[in-house]
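S.K.: Just need the structure, nothing else, for what follows:
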Amino acid sequence: MKSEWDFGTVIGLVSGVICIFVAMVWPEGDTPTIIPTEGSGFRWEQLAWFFQPQSVFIVVGGVLCATLVNYPLKAVLGLGKVFKNVILSEKFDFTGMIDNIVVLAEKSRKDGLLSLESGLSEIDSVFLRNGVELAINERDSSRLRTFLSMDLNNISTRHIGAQEIILYMAAYAPAFGMLGTVLGLIIMMNKFQMSGETSSIDFNVAEQFASLLSGMGTALITTFYGVFFANMVFLPIAGKLKRRSENELMLKNIVLEGIISIHGREHPILIREKLMTFVALSERKMSEKKEV
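M.R.: Numbering: from 1, shown residues only. Coordinates of the predicted model:
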């Protein structure tokens, strides 16, 4: 085993320190003048309270840096593909796959298993195509099931790895939100102390406390963004990836059982009945109505 530098960890640690340092010295902008909305309508001016680029920078930057430390650089760079899979929906046609398997079973039972070799290029599903090819070349059904199960387990492991990254990001976001809040409170309290020391005798206590409470609200915005990103972005994405993985694995389990049944020369009608047990009852009834 050869050891080598993990540049992702170095980049993550250095970037994380820089991120926090930039947040500490973030320049103060001019406070926008907010004109309160009159009447009982929507208080659109309140949106300005939540516009805090510094808070977003701390949460998003901190989460990405921590993820770089926790995972290899290649895995983090592959997150773009993961988010793409979340946005693009994919339909899993279980009954359509069962129909394709039954057609292959009928052809195999009639002309033999080797007859399926000529139609391999016409099979769209990569897992089904590779499985049929393996079934043609493997005589032992137990070994065939072992090989297909290993492939299925490897696919499941890759899916779990992608979900795990997003779940860790969901765990980091509130933590960096709290870190940003503590950082903001430290800066705010020190400014309050300095303003009290340098003020004149007639220094307005009410104004100072108003400024203190305003600064406290600004500091808490970072916690808001941390909780928001965790519960509105990362956790839902992880949940969607899990649902999608479960559907894909169930589809591949249907293929696995179908290939084993074809290899065992089972009757196509029995194969259909067995594979339809994977499908929801409502979808089974719809399939039966179409056949009628």
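S.K.: And residue 6, how close does it get to residue 136?
M.R.: 43 Å (CB to CB, to the nearest Å). The C-beta positions use only the backbone N, C-alpha and C, and glycine is treated the same way.
S.K.: Between these two, which has more neighbouring residues?
M.R.: A count of neighbours by other CB atoms under 10 Å puts residue 136 above the other of residue 6 and residue 136, at 18 against 14.
S.K.: Contacts only, for that one.
M.R.: Listed by CB atoms under 8 Å, 6 or more residues apart in numbering, the contact set of residue 136 reads 113, 114, 116, 117.
S.K.: Give me the distance between the closest residue to the second one other than its chain neighbours and residue 119.
M.R.: Distance criterion CB to CB, 6 or more residues apart in numbering; nearest residue to residue 114, sequence neighbours excluded, is residue 136 at 6.2 Å. From residue 136 across to residue 119, the span is 11 Å (CB to CB).
S.K.: what's the answer for residue 27, then?
M.R.: 67 Å.
S.K.: Skipping adjacent residues, who's closest to residue 229 in space?
M.R.: residue 173 (4.4 Å).
S.K.: Surely that neighbour touches residue 66?
M.R.: No. The criterion here is CB atoms under 8 Å, and residue 173 misses it with residue 66 at 9.6 Å.
S.K.: Between these two, which is the more surrounded one?
M.R.: Set residue 173 next to residue 66 and count neighbours by other CB under 10 Å: residue 173 wins out with 26 against 22.
S.K.: check which helix or strand covers that one.
M.R.: helix 141-198 (DSSP states H and E).
S.K.: which helices and strands does that helix pack with?
M.R.: Judged by 3 or more CB pairs under 8 Å, 6 or more residues apart in numbering; DSSP states H and E, helix 141-198 is in contact with helix 7-24, helix 53-70, helix 73-77, helix 79-87, helix 126-137, helix 205-228, helix 235-263.
S.K.: which residues are contacting the first one?
M.R.: So the one you mean is helix 7-24. 54, 57-58, 61-62, 64-74, 76, 179-180, 183, 187.
S.K.: what element comes up after it heading to the C-terminus?
M.R.: Assigned by DSSP H and E, the successor of helix 7-24 is helix 47-50.
S.K.: Keeping just the C-alphas, turn that next one into CSV.
M.R.: The C-alpha trace of helix 47-50 is given here as CSV (Å, rounded to 0.1, in the frame of the first residue of the first chain):
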residue,chain,number,x,y,z
LEU,A,47,-36.6,40.7,3.6
ALA,A,48,-33.7,43.1,4.0
TRP,A,49,-33.1,41.8,7.5
PHE,A,50,-32.3,38.4,6.2
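S.K.: got the buried residues for that helix?
M.R.: Of the residues in helix 47-50, none is buried by neighbour count under the rule 16 or more other CB atoms under 10 Å.
S.K.: what's that helix packed up against?
M.R.: Using 3+ CB pairs under 8 Å, 6+ apart, helix 47-50 sits against helix 205-228.
S.K.: Could I get the average pLDDT for the helix it packs on?
M.R.: Mean pLDDT, computed over helix 205-228, is 75.
S.K.: And stretch 247-267, by the same measure?
M.R.: 92.
S.K.: Now do the buried residues in it.
M.R.: Buried, per 16+ other CB under 10 Å, within stretch 247-267: 248-249, 251-252, 254-263, 266.
S.K.: What is the neighbour count of residue 190?
M.R.: 10.
S.K.: do residue 281 as well
M.R.: Counted by other CB under 10 Å, the residues lying close to residue 281 total 8.
S.K.: how close does it get to residue 168?
M.R.: Note on residue 281: its distance to residue 168, by CB to CB, is 37 Å.
S.K.: ok, now residue 53?
M.R.: 25 Å.
S.K.: That's all I had, so thanks and see you.
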